[in-house]
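Undergrad: Quick one: sequence plus predicted model below, questions after.
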Amino acid sequence: MTLSSVFRKTILAVFALALLLAAHASAQSQTPSPALLVLNKADATLSIIDPTTLKTIAQVPTGEGPHEITVSDDGKFAFVANYGARTPGSTISVMDLLAQKELRRVDLGALRRPHGITFAEGKVWFTAEQNKLIARYDPAANQIDWSLEIGQNGTHMLVFSKDRSLGFTSNIGSDSITLLQRASNPSGWTLTNIPVGKGPEGADVSPDAREFWAANSGDGTVSIIDVAAKNVAQTLNLQTNRANRLKFTPDGKLVLISDMGSNALVVVDAATRKEIKRLNLGRQPEGILIAPDGSRAYVALAGEKTVAVFDLKSLEVTARIATGNDPDGLAWAARH
């Protein structure tokens, strides 16, 4: 065997090994379905995490101060509200979850501090906190095609009922919840502002859409709104120090509240209105995501650079997932 033939065989072997390793690396880094999505506010990144292995598959850059995230119905794209830091944000990042990259950064023009965000009817609905309104982005046309003035200070979160006939915003600065109902007027909605406790922030609608619960960050209470009556039917004094997020479980039986001020997760029985558990999760619990099957919740711990996995049967933390700096907004992406 000549030296040149040995050299050629060596080169071919090395090339084949490189291809094999590249294919293996590619397979290892594919976005799983479902995927857990976590926004790291301080890093301006999106972590794509395998909820089975609890490993980070990819970290993708976003705009500055990404706070909240929503996913398209087919599970292939995510939309990130870039709230900003000291400078108010004015963009939404469109993320390709399969390619693991930012497709585009949508300039919102005069709209500032996008925050609450949700995907419905093929479009992206979001709050523009500084402008006191909600707006809608059409990904197909790549443009803002609608907006509606709320007229309340600190319009922060945005929640829809399952059938999309009702919408709700929590207005931190005005101590109110705005109820939006489908209508035939030109705006398409009628608005009712409902006074609640001080600084309502985290909030959610019950699965049957009969109640809307608002966690009031400023006075430690939860306001329970009777949706049909359009008023507060009951106020729970949970003595939280700074409630940040509130979520119903899919069966409507439990309500989870993250309390940043006490580093706690509070679990409430929705029927009896009684607190059934309060546990210290670690520093600064913020975003909450409940898996669609209702088996577990994910709670972002901004001060710990982790997400806690909370079992909804045992009501205990079963695992912790390492993230980037200051994790907060969470979403679930399952491809269809």
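TA: Everything's here; your move. Numbering: from 1, shown residues only.
Undergrad: Next up, the contacts around D145.
TA: By CB atoms under 8 Å, 6 or more residues apart in numbering, the contact set of D145 is K123, R136, Y137, D138. Quick note: C-beta positions are derived from backbone N, CA and C, even for glycine.
Undergrad: my read: the last one touches K123, true?
TA: Pointing back at D138 there. Yes - with contacts counted by CB atoms under 8 Å, D138 reaches K123, the gap being 5.3 Å.
Undergrad: between these two, which one's more packed in?
TA: Neighbours were counted for D138 and for K123 using other CB atoms under 10 Å; K123 has more, 17 against 13.
Undergrad: quick one: the more buried one and I134 touch, right?
TA: No - under the criterion of CB under 8 Å, K123 is not in contact with I134, lying 11.8 Å apart.
Undergrad: residues shared between the contacts of the two?
TA: With CB under 8 Å, 6+ apart as the test, K123 and I134 reach no residue in common.
Undergrad: roughly how far apart are A35 and T62?
TA: 16 Å (CB to CB, to the nearest Å).
Undergrad: Same question for Y137.
TA: Relative to T62, and taking CB to CB, Y137 is found at 15 Å.
Undergrad: Let's see which of the contacts of D145 end up in strands.
TA: K123, R136, Y137, D138 (DSSP state E).
Undergrad: Bridged to the second one, which residues?
TA: Same thing as R136. W125, W146 (DSSP bridges).
Undergrad: Just the helices from this protein, written as ranges.
TA: Listed in chain order, the helices of the chain (DSSP state H) span 3-28.
Undergrad: ok, back up a step: just the contacts of D145 now: which is nearest A110?
TA: A110 lies nearest to Y137 out of the contacts of D145, by CB to CB, at 14.3 Å.
Undergrad: now the stretch 201-336 of the chain, which segments are flagged as low pLDDT?
TA: Under the criterion pLDDT under 70, no range of the stretch 201-336 of the chain is flagged.
Undergrad: show me what contacts the spatially closest residue to Q181 that is not a sequence neighbour?
TA: In this structure, Q181 finds its nearest non-sequential neighbour in T190, 5.1 Å apart by CB to CB, 6 or more residues apart in numbering. T190 sits next to L180, Q181, A183 when contact means CB under 8 Å, 6+ apart.
Undergrad: Output the below-cut-off pLDDT ranges for the stretch 1-150 of the chain.
TA: In the stretch 1-150 of the chain (pLDDT under 70), the answer is 1-28.
Undergrad: ok, which stretches of it are strands?
TA: According to DSSP state E, counting those that start in this stretch, the stretch 1-150 of the chain carries its strands in the segments 35-40, 45-50, 55-61, 66-71, 77-84, 88-96, 101-107, 114-120, 123-128, 133-138, 143-149.
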